[in-house]
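Asks: from the sequence below, what's the structure:
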Amino acid sequence: MLTCVLTTRPVREIKKVRSVRECGILLAQLADAGQLPALSDGWKARALSTAHLQRLHHVVCELAAALELTPPPAPLPKAGAGGETSESDDEPLTRPPGPALRKRPNGFTVPAPVTKRKTSHKTTRVPPAAPVAATAAPVAATAAPAAAAASKPPPVLRLRQTRGPPLSVPACTLPSEGGSLHIGRLQCRLELASGPQPLRFLPGSNGLLRYGAGQALRIGRGPCTPNPEGNNVQLEGSSKVSRLHAQIAWDGARSAFCVTDLSSVGTILDGRKLAPREPTPLSSDSTLAFYGNPSWSPGRKIEGDPPPDVFALRVRSLADGPSRWELPSPCVSRSHCTLNYDARAGCCTVTDSNSHFGTAVDGTRVAAGQPATLRAGQELELCCEADGGRALAFVLEQASSE
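Replies: Numbers count the residues shown, from 1 in each chain. Here you go, the predicted structure:
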């Protein structure tokens, strides 16, 4: 540090300086002898009181600025090696790195004791690993059937008719995803699909297809009158419609509504010509077209849409939703009962909706509003109190049993 400012002094003289205080005294003596440029009195006092490398560096930097020389680099302070943390006035300029010093009350500094960490030579025994493969195999063997049973879809069940008047649709599949199946009486009505003019109904009729004798729905060009010869539905504005063209009535032997052609021209049912004066069953989505040709043979298929001046009527079911099975029977109530599938129990529950002729499971009457268990192989009987063999019986079975 001194060689940067004392360029004219011999190197051997500078090397004789052993402490920071001796450096400060040397600089003050040279300033008094006039060998250094005139500096302030404060600089000389700071040089004489220098006891640390940091303070000596500040004094030398002021001297280098007065001599227009490059100042020396700042020293790195080290605890106990002449830095700011040391309180000794005779710190050496160089000291090998060593342990930190601590000051005793008598002024001497001694190295701080080094605490040695005790090391244990004992070896820790590691318990042997458990036979994972041997224990995992039985667990996997028992978990596999449980997982397969959980992932197995529930069985698909259905109701199949076993007794009673034959139905056009004798079976129905139950919803297997926790849904409900509502069973009730089929209720249909006639609606206009196309035609030159709107339909005219007899007051109180509204085109409903009614069960029982004397409830025939008469369709024709003639006016609507309540007498037996009058029409319930009037088709006005088409020359192809006869005065009394057709009628729809309930046929108990077939358990279906049947249409009978009474015209001289003909009637088309679902694209085929009807045989005159022969009752033909209708479905819940049939279409009737009131035109034809006397030369056409019964059963002839008619291609294309009917002419624009022809009346076409559609039979529409009044079902409340898709999960409903409508049975064409006058003994079945409009809302008869409800079936729910219980996947956990693997069976169904049937709840009677306060029907008129009742519901039974294997001959036991079900109380209205109280769910009763219905398992595969058991018989569900609707209209169990109806006379004359009008009760309908169904067996619950899996759909894949056939």
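
Asks: which residues in the stretch 301-402 of the chain form helices?
Replies: With DSSP state H, counting those that start in this stretch as the definition, the stretch 301-402 of the chain shows no helices.

Asks: just the strands in it please.
Replies: Here the stretch 301-402 of the chain has its strands, by DSSP state E, counting those that start in this stretch, at 312-317, 324-327, 337-342, 347-352, 359-361, 364-365, 372-374, 379-382, 392-398.

Asks: and the shortest one, how far out from the chain's middle?
Replies: Centre-to-centre, strand 364-365 and its host chain are 42 Å apart (CA atoms, centre = their mean, to the nearest Å).

Asks: can I assume L26 sits in a strand?
Replies: No: if the criterion is DSSP: H, G, I helix; E, B strand; the rest coil, then L26 is helix and not within a strand.

Asks: pLDDT value on it, please?
Replies: Looking at L26, its pLDDT reads 77.

Asks: was I right about it contacting V17?
Replies: Yes: contact criterion CB atoms under 8 Å: L26 and V17 qualify, at 6.1 Å. Any C-beta I mention is one placed from the backbone N, CA and C, and that applies to glycine too.

Asks: make CSV out of the strands of the stretch 301-402 of the chain and add mean neighbour count.
Replies: Putting those into CSV (neighbours: other CB atoms under 10 Å) gives the following:
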stretch, mean neighbour count
strand 312-317, 18
strand 324-327, 20
strand 337-342, 20
strand 347-352, 20
strand 359-361, 21
strand 364-365, 12
strand 372-374, 18
strand 379-382, 22
strand 392-398, 19
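
Asks: skipping adjacent residues, who's closest to R163 in space?
Replies: Closest residue in space to R163, ignoring its immediate chain neighbours: A393 at 3.8 Å, by CB to CB, 6 or more residues apart in numbering.

Asks: enumerate every residue touching the one you found.
Replies: 161-164, 379-382 (CB atoms under 8 Å, 6 or more residues apart in numbering).

Asks: domain assignment for the chain?
Replies: Split into domains by automatic domain parsing, the chain comes to 2-94, 157-184+323-401, 188-317.

Asks: what is the neighbour count of the closest residue to L339 other than its chain neighbours?
Replies: Spatially, and ignoring its direct neighbours in sequence, L339 is nearest to L181 (4.4 Å; CB to CB, 6+ apart). Per other CB atoms under 10 Å, the neighbour tally for L181 reads 20.

Asks: please identify which helix or strand holds L181.
Replies: Secondary structure from DSSP states H and E places L181 in strand 180-185.

Asks: which parts of that strand are buried?
Replies: By 16 or more other CB atoms under 10 Å, the buried positions in strand 180-185 come out as 181-185.

Asks: ok, V332 - contacts?
Replies: V332 is in contact with 183-185, 355, 357, 382-383, 392, counting by CB under 8 Å, 6+ apart.

Asks: ok, the closest residue to R185 other than its chain neighbours to L67 distance?
Replies: Sequence neighbours aside, V332 is the residue nearest to R185 in space, at 4.3 Å (criterion: CB to CB, 6+ apart). Distance, V332 to L67, using CB to CB, to the nearest Å: 123 Å.
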